[in-house]
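> I would like to see how this sequence folds:
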Amino acid sequence: MKIGKITTALFLSTAMSFEVSCAFELPEKNSLMARILKATDERDHENIVFEEAVKAGKYESLAYLGQIGGDACEKLVPYLRGENQEAKRWAVKGAMLCHDDKLSPHLTAQLADAEHKSLWSSALGFSGGDGSAAIIAASLKLADSNQAQLDTLFGLVQSVAYSRTSAADIPGLDLKRILEQVVAGGDVGYAAAYVLARLQNLPDMLPFADFEPVLAAMLSNNTNDLTGAELETARLLTRVAREYGDDALQLLLAASEADQIMIRHEAVRSFGHLKDATSKAFILKLANSDETASLVRHLAVDAIGQRSMADPSLLDLLHQYISDDDRWVATTALRWLGQRDAVAANEVAAEWLAGNDYYLAFQALIALTGSDDGKTILKAYADANPKTVRGYEAAVALDPSIEAVVKPRKTPNFSTVAAYANRELVLETTRGKVCIAVTGDAPYAAANFLQLADVGKMDGMLWHRVIPNFVTQAGQIEDTDINNWGSIREEWGGEHRIGTVGVATAGRDTGTVQFFVNTGYNLHLNNRYTVFGKVYGGMDVIYKLQEGDVIKRAYTAKAPSANCK
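Next up is the predicted model:
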């Protein structure tokens, strides 16, 4: 179901330019690099090509061993502990991609004497295991250059992003120093703000009196003047503000009137974490106005659902919105109603599951997992409809591990991959046309999706997950052939900047046909989700897409084409 989901020069840097080049060249067929790419996709770490590459001084091959993961990571240990600094640097980058805390002792043992300490800190963020955040926090105090600060902050983001770590549980974490980095601005400021946004229980360690003036200063001017990292920083700090509850009311009201729409959207979402009457009236007005855009109504109803636990008076509204003519609003209400009144929610969800609208049916699957009675409904449906897409999805909703046993697709021949590298993906959607250029960061993954379009299997796909300032995701489709498409392997290249296109997964090497377009710079996805393309035409369409919209037709064209000009 993948509802949690999201090159020849592997992503090996945390540089944060907001421009992404789509120009690239694949290596020559049968060249050493082409053989490395093929062996990596086949997950063949015993292939002699890696030994040949190291002997030839092509130490970048060590990073590809990290991409393979598993037993391949053991081959990095001698190089992590070796004297060859170039080999060691690439081995560290490989360790970053391993996502394997068994490497933690080897990383920490070398950290004190490492030539590039910040790079080792980045690797610890992925493969450091328990306690790595404290080690990285200590390294942050020693990071003096911009790049060193970026690398170290990146490692800190990765160490806390998926562990729900409380700020108080990281010994030596200097939040005032991180706030100073935010104020300094630029790429470092954005990375520092990202750390604050991913930490749990932040107000316990960072007083509102310290945080408030930083965001207030950003919002006091025309936010249209903010660009790139500065704008993303302001958006992230607006998200952080909600952690302070009602104390942040005035800040969030100011954010709700910001010139930049992404900040306004973040403010509306954040009102769900408050309890005061002013913000309640604000979101009620948005949710109930016929003039409010669908996306904003969705955000307002989501905020209402968030608050309904502490404010039972809002429960009746969830019952009302579940019958709304706007399907996005209705499904948002259903998700929250399932947590507040499972009996009523399950009754509606069961009707949607058996109905004619696949988008509603898919959202019903998610809602029914929220209660034991709902799971009983799913089990009965899965048993009665074993050969249907909905029956399969019902089984996956009950047991997500089913997705992890999908048979891998055979590695395509290199000529096929090279041919698709010169083509682009064109999506004719409900809201308009989108053109995606292959970036070269993940040639095998790109070939997978372009081939999917060429055989007509993208036609009719739902845009089933739209989260403003995060991702717009497609891939759900009521087509039993898709269940047999097979999984593809990760190619962790590129960065998840706005407009880049990534592979949605339910774990390592489980990507199939779902993909997403980043609508925020999602730093925590770097090196965890594959990037295979970039929207070069139709990004305005991406921002207009709503949940339940579809890809009416998908096809490939020789790049560059005139499709989106």
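> show me the contacts for M309.
With contacts defined as CB atoms under 8 Å, 6 or more residues apart in numbering, M309 is in contact with 339-340. In short, each C-beta sits where N, CA and C put it, glycine included.
> SS state for it?
Classification of M309 by DSSP: H, G, I helix; E, B strand; the rest coil places it in coil.
> where does it fall, phi/psi-wise?
Dihedral pair for M309: phi -70, psi -40, per degrees, to the nearest 10.
> Show me the shaky parts of the protein.
Where the chain drops to pLDDT under 70, the residues are 1-24, 113-116.
> and the next element down the chain from the longest helix seen in it?
Across the chain, the longest stretch assigned as helix under DSSP state H is helix 146-161. Sequence order places helix 175-184 as the next helix or strand after helix 146-161, per DSSP states H and E.
> helices or strands next to the next helix or strand after that next one in the packing?
Beyond helix 175-184 on the C-terminal side, the first helix or strand identified by DSSP H and E is helix 186-198. Here helix 186-198 touches helix 146-161, helix 175-184, helix 228-241, going by 3 or more CB pairs under 8 Å, 6 or more residues apart in numbering; DSSP states H and E.
> Compute the inter-axis angle for the next helix or strand along the chain from the last one and helix 228-241.
Spelled out, that is helix 228-241. Per DSSP H and E, the first helix or strand lying C-terminal to helix 228-241 is helix 249-256. If you take axes from the mean of the first three to the mean of the last three CA atoms, to 10 degrees, helix 249-256 sits at 140 degrees to helix 228-241.
> helix or strand right after helix 249-256?
Next in sequence after helix 249-256, counting helices and strands by DSSP H and E, comes helix 261-270.
> Please render the helices and strands packed on helix 186-198 as a markdown table that adds mean neighbour count to the earlier fields.
Output for the helices and strands packed on helix 186-198, formatted as a markdown table (neighbours: other CB atoms under 10 Å):
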| stretch | mean neighbour count |
| --- | --- |
| helix 146-161 | 25 |
| helix 175-184 | 17 |
| helix 228-241 | 24 |
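> okay if I get the ones you listed as TSV plus distance to G507?
Conversion of the helices and strands packed on helix 186-198 to TSV gives the following (distance: least, CB to CB, whole Å):
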stretch	distance to G507
helix 146-161	16
helix 175-184	31
helix 228-241	26
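> Quick check: which of those helices is nearest to S323?
Comparing these by their distance to S323 (CB to CB), the top pick is helix 228-241, with 30.8 Å.
> thinking again about what came up before, do you know which of the helices and strands packed on helix 186-198 lies nearest P560?
helix 228-241 (24.8 Å).
> starting at the chain centroid, how far to that closest one?
Relative to its chain's centre, helix 228-241 lies at 17 Å (CA atoms, centre = their mean, to the nearest Å).
> do stretch 202-220 as well
Its chain's C-alpha centre and that of stretch 202-220 lie 26 Å apart, by CA atoms, centre = their mean.
> now the helices: where do they sit in the stretch 1-150 of the chain?
Under the criterion DSSP state H, counting those that start in this stretch, the stretch 1-150 of the chain contains helices at 32-41, 48-55, 61-68, 77-80, 85-98, 104-111, 117-127, 132-140, 146-161.
> Dump those to a markdown table, plus distance to N526.
Formatted as a markdown table, the helices of the stretch 1-150 of the chain follow (distance: least, CB to CB, whole Å):
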| stretch | distance to N526 |
| --- | --- |
| helix 32-41 | 18 |
| helix 48-55 | 24 |
| helix 61-68 | 14 |
| helix 77-80 | 21 |
| helix 85-98 | 10 |
| helix 104-111 | 18 |
| helix 117-127 | 10 |
| helix 132-140 | 16 |
| helix 146-161 | 8 |
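> hang on, the earlier thing: between the helices and strands packed on helix 186-198, which one is closest to A344.
helix 228-241 (31.1 Å).
> The closest one to helix 261-270, inter-axis angle?
For helix 228-241 against helix 261-270, the angle by the same axes, to 10 degrees is 10 degrees.
> Touching helix 228-241 from outside, list them.
In contact with helix 228-241 (CB under 8 Å, 6+ apart) are residues 16, 18, 182, 185-187, 189-190, 193-194, 196-197, 202, 211, 214-215, 218-219, 223, 226, 248, 251-252, 255, 258, 260, 262-263, 266-267, 269-270, 469, 520-521.
> Derive a PyMOL selection command for the buried subset of those.
Those of these that count as buried under 16 or more other CB atoms under 10 Å are selected in PyMOL with:
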select buried, resi 16+18+182+185+187+189+190+193+194+196+197+202+211+214+215+218+219+223+226+248+251+252+255+258+260+262+263+266+267+269+270+469+520+521
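> can you map out the strands along the stretch 451-565 of the chain?
Under the criterion DSSP state E, counting those that start in this stretch, the stretch 451-565 of the chain contains strands at 462-467, 471-476, 500-503, 515-518, 531-537, 551-558.
> rewinding a little: any idea which of the helices and strands packed on helix 186-198 gets closest to V389?
helix 146-161 (31.9 Å).
> What is the closest one packed up against?
Here helix 146-161 touches helix 117-127, helix 132-140, helix 175-184, helix 186-198, going by 3+ CB pairs under 8 Å, 6+ apart.
> try it again with 10 Å
Under the contact criterion of 3 or more CB pairs under 10 Å, 6 or more residues apart in numbering; DSSP states H and E, helix 146-161 touches helix 85-98, helix 117-127, helix 132-140, helix 175-184, helix 186-198.
> and the angle for that helix with helix 186-198?
For helix 146-161 against helix 186-198, the angle by the same axes, to 10 degrees is 10 degrees.
> Determine the angle, from 0 to 180 degrees, between helix 146-161 and helix 132-140.
Using the same axes, to 10 degrees: helix 146-161 against helix 132-140 is 160 degrees.
> tilt between helix 146-161 and helix 85-98?
Between helix 146-161 and helix 85-98, the angle comes out at 30 degrees (the same axes, to 10 degrees).
> Helix 146-161: how far from the chain's middle?
Helix 146-161 has its C-alpha centroid displaced from the chain centroid by 17 Å (CA atoms, centre = their mean).
> Many thanks, have a good one.
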